[in-house]
Every structure is written in structure tokens, then in C-alpha cells.
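Peer 1: Model the following, please.
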Amino acid sequence: MFVKDYPLALVTSLGVGGPADFFIRARNVQEIVQAQRFALEENYPLTVIGYGTNLLIRDGGIRGVVIQLAEPFANATVKGNQLTATTGCLFGSLSKLALHHSLSGLEFAVGIPGGLGGATFMNAGAYGGEIGPLITEVRFVQNGCEGTWNREEFSFSYRSSRLQAEASPTIVTSVTLELKPGDPQIIVETMGNLQAQRRSKQPLEYPSAGSTFKRPEGHYVGPLIEQAGLKGFRIGGAEVSTKHAGFLIKTGEATAQDFLDLIAHIQQAIFQKHGVSLEPEIRIIGED
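Peer 2: A predicted model of the protein is given here:
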């Protein structure tokens with residue numbers, strides 16, 4: 001069931017990070033329940049990851065149990081205006097499934113890497129849209145038992161959700177989204193325009209963890225970093241993208257510490273120049 005000392009660099013978009021003590025790529029809800037109960041019984045920490053696209057794992061790796069919800073745990077159905085999917089589904093792929101059924105509301109998700117689980121955890125969004133307002137039901141495993149939240153019970157805010165505030169580790173297993181009927185041609189055009197914007201502005205040709213910092217109120221991160229003269233600045237194999245300064249990219253060999261040092265350098269420089277505190281949007285976990 002578990003793989004010991006699994007190299008987590010293999011399951012992150014940055015390709016850095018140390019090993020997990022115990023690793024499982026769950027295939028169904030039963031395996032998730034069993035893995036969580038094992039962690040509880042053995043008093044091991046429990047960490048859940050998806051496709052690792054918004055994630056920086058430190059070089060020392062992660063102690064305890066790591067559950068990955070990815071491709072083996074991926075299926076989705078559409079009934080009327082509602083799309084229900086397990087959290088191993090790629091978020092961007094769900095926007096295409098919605099298009100196939102002439103449903104609007106997920107256009108913003110096209111091209112967003114990573115899974116539905118991470119999108120729900122982070123309340124992912126782009127180009128004026130976000131997943132939180134679409135959610136009508138969340139199914140989860142908590143304390144080794146299955147449970148459900150309805151729309152009123154699931155709270156969210158900018159890049160945050162109830163999942164981040166739960167005292168007990170909570171693993172989302174499926175999410176139901178309520179969409180609206182739409183004109184397929186308009187949906188296609190919108191998705192095409194958003195994809196074109198991504199390709200023109202984001203360094204998709206390099207490994208990255210997406211937008212590194214949350215947008216501070218009244219500012220945009222990219223221009224702040226660019227005005228500080230940090231475009232192209234590099235520490236080890238971690239570099240500020242010359243295409244979009246809000247993205248940190250991997251160039252050649254790099255360690256998690258390279259990215260941590262670069263993040264800290266940017267935060268210090270931006271605070272000194274602009275008096276603005278930058279908070280990471282990417283999830284940083286594990287041990288040094």
C-alpha cells in the first residue's frame with residue numbers, strides 16, 4: 001500500500017524536494033480512509049498533495065504519511081447544470097468537460113495546472129473567476145470517517161478555504177460545482193483568449209510552481225518585483241522569470257533551498273523598496 005522514502009521531487013512541477021517517509025497514490029476513497037486511519041493509529045503526521053503544481057517541498061522531505069490524489073483518483077460526471085468530480089481530476093480538464101456539455105462558469109480554469117483538490121483547498125482562481133462560488137457540495141474524509149459539507153457550510157476567501165482552517169486534517173474526495181448553460185462558441189472563444197494570454201505572459205516553457213506570491217491589496221506582484229530590478233535575478237538554479245516577474249522558474253539544477261532563499265530575498269527587497277509585505281501563494285511544506 002505504501003512506498004517508503006519516496007522522492008517527492010518526482011511529483012512536483014518544480015522537481016525539487018526531499019522524500020516522504022510513507023507515500024501512497026490513492027486510487028479510491030477506501031484507500032484514503034485506510035491511509036488516514038493508519039496515520040492516526042501510528043500518530044504520524046499526514047500530508048495531502050495533488051499534482052504538486054503550486055507546491056514547494058523542502059529538501060528534507062516530509063515526515064509521516066503523504067497521500068497523493070492524482071490520476072488514479074480521477075473521474076467526473078455531469079448531471080444537468082452540476083458537475084461532480086473526484087479531487088484527482090485535473091482542474092483545467094474539467095473546464096473542457098463543462099464546455100462539452102455547453103456549461104459556463106469554468107472558463108477561467110482552462111490552462112490552470114493541478115488538480116481539483118488543490119484548487120478547492122486554495123480557492124483557485126484567475127482572470128476574475130474562482131472556484132469557491134461554484135461549489136455546492138464537498139465530500140471529505142476526516143478522522144478516518146467520510147463526511148459532507150453543503151454550500152452554506154463551505155467557506156472561502158481569496159486563495160483560502162475552510163479546509164485550511166480545520167483543526168483535523170481534512171481530505172477532500174469529491175466536489176460538486178453548479179454551472180450555467182452557455183453558448184459553446186462563446187465558451188470556446190473565451191477559453192481560447194485566456195489560453196493565449198497565459199502563453200504570452202507566463203513562462204510555461206520552464207518548470208515553476210505558478211504565481212509565487214499572493215497579490216497584495218492595491219498592487220500587482222510582477223511590476224513590484226520588476227521595479228526592484230529583480231527580473232532575471234537568480235540564486236542557484238532558481239530564477240525570477242524575465243517573462244513574468246511574479247513567477248520563479250527552475251533553470252538547470254536547483255534545490256528547494258534555492259527557491260526559499262530567492263523568495264526571502266524578494267520579500268526583503270520589495271519591503272525595503274515599496275514597504276509592501278509579500279506573502280507566498282505557493283504552499284511551502286516539509287523539513288529543511
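Peer 1: Quick check: phi and psi on the nearest residue to R27 once chain neighbours are set aside?
Peer 2: Once flanking residues are discounted, R27 sits nearest to P72: 4.3 Å by C-beta to C-beta, 6 or more residues apart in numbering. Placement of C-beta: from N, CA and C, glycine included. With angles defined as degrees, to the nearest 10, P72 sits at phi -60, psi -20.
Peer 1: Any stretches of the chain with poor pLDDT?
Peer 2: Residue ranges of the chain with pLDDT under 70: none are present.
Peer 1: go with 80
Peer 2: 1 (pLDDT under 80).
Peer 1: Got the domain ranges for it?
Peer 2: 3-71, 74-186, 203-285 (automatic domain parsing).
Peer 1: before we move on, back to that, let me see the contact set for the residue nearest to R27.
Peer 2: R25, A26, R27, G88 (C-beta atoms under 8 Å, 6 or more residues apart in numbering).
Peer 1: which among those residues gets closest to A167?
Peer 2: A26 (22.5 Å; C-beta to C-beta).
Peer 1: my read: that closest one touches V65, true?
Peer 2: No - using C-beta atoms under 8 Å, A26 makes no contact with V65, being 11.0 Å away.
Peer 1: The two: who's more crowded?
Peer 2: Between A26 and V65, counted using other C-beta atoms under 10 Å, A26 has the larger neighbour count: 26 against 23.
Peer 1: Give me the distance between the two termini of stretch 122-141.
Peer 2: Its first and final residues considered, stretch 122-141 spans 18 Å by C-alpha to C-alpha, to the nearest Å.
Peer 1: Pull out the buried residues from it.
Peer 2: Residues of stretch 122-141 classed as buried by neighbour count (16 or more other C-beta atoms under 10 Å): 122-127, 129-132, 134-141.
Peer 1: Show the buried residues in the contacts of P72.
Peer 2: R25, A26, G88.
Peer 1: Overlap in contacts, A26 and V65.
Peer 2: A35.
Peer 1: burial measure for G275, as a count.
Peer 2: 7.
Peer 1: For it, give its distance to A228.
Peer 2: 12 Å (C-beta to C-beta, to the nearest Å).
Peer 1: Check E178 too.
Peer 2: Applying C-beta to C-beta to E178 and A228 gives a distance of 42 Å.
Peer 1: Repeat that for L260.
Peer 2: Following C-beta to C-beta, the distance that separates L260 from A228 is 18 Å.
Peer 1: do the same with Q202
Peer 2: 20 Å.
Peer 1: Check Q36 too.
Peer 2: Distance from Q36 to A228, by C-beta to C-beta: 43 Å.
Peer 1: So the two - more neighbours on which side?
Peer 2: Between Q36 and A228, counted using other C-beta under 10 Å, Q36 has the larger neighbour count: 24 against 19.
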